[in-house]
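Asks: Here you go, sequence then predicted model.
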Number of protein chains: 2
Amino acid sequence: MATGRTHRPATRSRGIPEATVARLPLYLRALTALSERSVPTVSSEELAAAAGVNSAKLRKDFSYLGSYGTRGVGYDVEYLVYQISRELGLTQDWPVVIVGIGNLGAALANYGGFASRGFRVAALIDADPAMAGKPVAGIPVQHTDDLEKIIQDNGVSIGVIATPAGAAQQVCDRLVAAGVTSILNFAPTVLNVPDGVDVRKVDLSIELQILAFHEQRKAGEESAADTALPAAAAAAARKASADQGPDGDVPAVMPA
Amino acid sequence: MATGRTHRPATRSRGIPEATVARLPLYLRALTALSERSVPTVSSEELAAAAGVNSAKLRKDFSYLGSYGTRGVGYDVEYLVYQISRELGLTQDWPVVIVGIGNLGAALANYGGFASRGFRVAALIDADPAMAGKPVAGIPVQHTDDLEKIIQDNGVSIGVIATPAGAAQQVCDRLVAAGVTSILNFAPTVLNVPDGVDVRKVDLSIELQILAFHEQRKAGEESAADTALPAAAAAAARKASADQGPDGDVPAVMPA
DNA sequence: CAATCTTTGTGCACGCGTTCACAAAGACAT
DNA sequence: ATGTCTTTGTGAACGCGTGCACAAAGATTG
């Protein structure tokens, strides 16, 4: 889910549920694939399978957009592609800036899926003066000093943060002050933003930890053994004092 | 959310809600920061602020783990770090393989947050023979041919897919067949996996599209105009065949 | 034109997640 | 000890999202 601001019970303008919005890109991708294969129409059942969701859910999702299907036949692929694109705002051009051109930032700049749907990398920005001018993915890196000017000159409203955690909030503040109202954050930090600014975060570490949880549970189910350790051991654990360093936070060394 | 398999109403083993599990890494990160600053205890209010969530939610989340707080005082930081780490399965070592060492794969291999919490990059795998042997992030890349052997020799249960979309399903199948039961997928495709295998996906393109949706809505709200058009007009609009939608755009070949 | 078949669109019920609000628990002062 | 103050842990209400199941709509066939 978005780490964004308050949900949005207010607006109500075109009340499309957030969960539905999150699935629209999925449908769009499946539809685009069908379109490329020149498939004219598709049933909710087929499309749902391609998108990896339940067909009832898909139909309900589409019902929020309007009645775009034909009973007994299905949905017109081209038409749906267009409708969903429009609903998502992909019929217009979205200039984005990527801040922090390290390994990840460079990977993002090179990512094809970026440009494919109305998103255009307007600028790459990095704090390292040595990077300035160096082209990455064919785009010259610019220095952080010019951030505000870049945002304003290009009318950028979407920013991508791929800096180290320590710099993220500061970069975020400058982006927002310069007029950015949507942020995709790859830095492992919670960003504080004013109301009206949307933040979505992508956090590799968190995803892995969630997988580890399930993985552990799977393993634990087979050999039901170490369920809950008693209060005594727990109290001991409490004593384990801090030792490790900044980034290398070793997983809480087991209490002696 | 995980794009994984069926939810998990079954298991019920240690019934921690999925939503809570997804937040534990967030708490853990905030707690680790406090721990490094040698803060001994923290209240739900403070910790919630640091993690960017509501304090009631945080307390309820913790209540699923047990009663680890002290009323009138708060939570012992070290103790909580340990408990959450254990719950997430981070007290053990998780060898992971990264398949697809392009820009993104390389960025992932270099990502510090990876190693920081019990995750160890056991191997890098790529289909390009030219990559074989070349070190990335200090680890020599191995060829896809050896995938099964690498998985088995290292006891890998978590795989990261950073290949192009076209190769993802095939790689996934091989990973699963070799014994991997958790997959973090960066390729923009829906992966089909058998029951018992968890898949989480990270999709840059989708995140951007969701932001674009909200961005568009924000822009649309200022220039009111098209707020909620009444049912009648809506019905009429529906009929507007082959011309355009609200914001005036390309005629999307209406289904004849 | 009538009958049949396919597939959409949705009313409804259920369950999960969030939030409120407060009693219980403990710390701390007197 | 007793009282006050702080903060947790949770019961209960609410709202969102999901999935079922079916009526309505249209295609298609005879």
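Replies: Yep, it's here.
Asks: From now on I want contacts and neighbour counts done on CA atoms only, so please keep to that.
Replies: Will do.
Asks: Sketch out the low-pLDDT regions of chain A for me.
Replies: Counting by pLDDT under 70, chain A has low-confidence residues at A:1-14, A:221-256.
Asks: can you pull out the helices in it?
Replies: Counting by DSSP state H, chain A has these helices, from start to end: A:18-36, A:44-51, A:55-65, A:77-88, A:103-110, A:112-116, A:147-154, A:165-178, A:204-222, A:231-239.
Asks: Run the chain-centre distance for the third one.
Replies: Average the C-alpha atoms of helix A:55-65, do the same for its chain, and the two points are 23 Å apart (Cα atoms, centre = their mean, to the nearest Å).
Asks: how much does it deviate in direction from helix A:44-51?
Replies: Relative orientation of helix A:55-65 and helix A:44-51, computed by axes from the mean of the first three to the mean of the last three Cα atoms, to 10 degrees: 100 degrees.
Asks: For DNA strand D, see how far away the closest residue in space to A:Pro188 that isn't next to it in sequence is.
Replies: Distances taken as Cα to Cα, 6 or more residues apart in numbering or on different chains place A:Ala165 nearest to A:Pro188, at 5.5 Å, with adjacent residues excluded. Between A:Ala165 and DNA strand D the computed distance is 26 Å (Cα to the nearest atom of the strand, to the nearest Å).
Asks: May I have the beta-bridge partners of A:Pro160?
Replies: That one is not Pro; residue A:160 is Val. Legend: beta-bridge partners of A:Val160 under DSSP bridges are A:Ile98, A:Leu184.
Asks: Just give me the neighbour total for it.
Replies: When neighbours are counted by other Cα atoms under 10 Å in any protein chain shown, A:Val160 registers 26.
Asks: Tell me who's in contact with A:Thr163.
Replies: Listed by Cα atoms under 8 Å, 6 or more residues apart in numbering or on different chains, the contact set of A:Thr163 reads A:Val99, A:Gly100, A:Ile101, A:Gly102, A:Gly105, A:Phe186, A:Ala187.
Asks: from those, which is closest to A:Val202?
Replies: Distance to A:Val202 across the contacts of A:Thr163 (Cα to Cα) is lowest for A:Phe186, with 5.1 Å.
Asks: ok, the residue nearest to A:Asp76 when sequence neighbours are not counted - contacts?
Replies: Nearest non-adjacent residue to A:Asp76, counting by Cα to Cα, 6+ apart: A:Thr41, 4.4 Å away. A:Thr41 sits next to A:Val73, A:Gly74, A:Tyr75, A:Asp76, A:Val77 when contact means Cα under 8 Å, 6+ apart.
Asks: Surely the residue nearest to A:Pro188 is in contact with A:Ala187?
Replies: Yes. Judged on Cα atoms under 8 Å, A:Ala165 makes contact with A:Ala187 at a distance of 5.0 Å.
Asks: higher neighbour count, those two?
Replies: A:Ala187 (22 against 16).
Asks: so what's that one up against?
Replies: Contacts of A:Ala187 by Cα under 8 Å, 6+ apart are A:Ile161, A:Ala162, A:Thr163, A:Pro164, A:Ala165, A:Ala168, A:Lys201, A:Val202, A:Asp203.
Asks: neighbours around the last one, how many?
Replies: So the one you mean is A:Asp203. 16.
Asks: what do you get for the first one?
Replies: Counted with other Cα under 10 Å, the burial measure for A:Ile161 works out to 26 neighbours.
Asks: I'd like to know which residues of the stretch 1-150 of chain A are adjacent to DNA strand D.
Replies: A:9, A:17-20, A:53-54, A:56-57, A:70-73 (Cα under 7 Å from any atom of the strand).
Asks: List only buried entries from the residues you listed.
Replies: Using 16 or more other Cα atoms under 10 Å in any protein chain shown as the burial test, these include A:Thr20, A:Val53 as buried.
Asks: Now distance to A:Leu34 too, for the residues of the stretch 1-150 of chain A next to DNA strand D, in JSON lines please.
Replies: Formatted as JSON lines, those follow (distance: Cα to Cα, whole Å):
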{"residue": "A:Pro9", "distance to A:Leu34": "35"}
{"residue": "A:Pro17", "distance to A:Leu34": "25"}
{"residue": "A:Glu18", "distance to A:Leu34": "25"}
{"residue": "A:Ala19", "distance to A:Leu34": "23"}
{"residue": "A:Thr20", "distance to A:Leu34": "21"}
{"residue": "A:Val53", "distance to A:Leu34": "16"}
{"residue": "A:Asn54", "distance to A:Leu34": "18"}
{"residue": "A:Ala56", "distance to A:Leu34": "20"}
{"residue": "A:Lys57", "distance to A:Leu34": "20"}
{"residue": "A:Thr70", "distance to A:Leu34": "18"}
{"residue": "A:Arg71", "distance to A:Leu34": "20"}
{"residue": "A:Gly72", "distance to A:Leu34": "19"}
{"residue": "A:Val73", "distance to A:Leu34": "16"}
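Asks: from the residues of the stretch 1-150 of chain A next to DNA strand D, which are also near chain B?
Replies: Residues of those in contact with chain B (Cα under 8 Å from any Cα of the partner chain): none.
Asks: Perfect, I'm done here.
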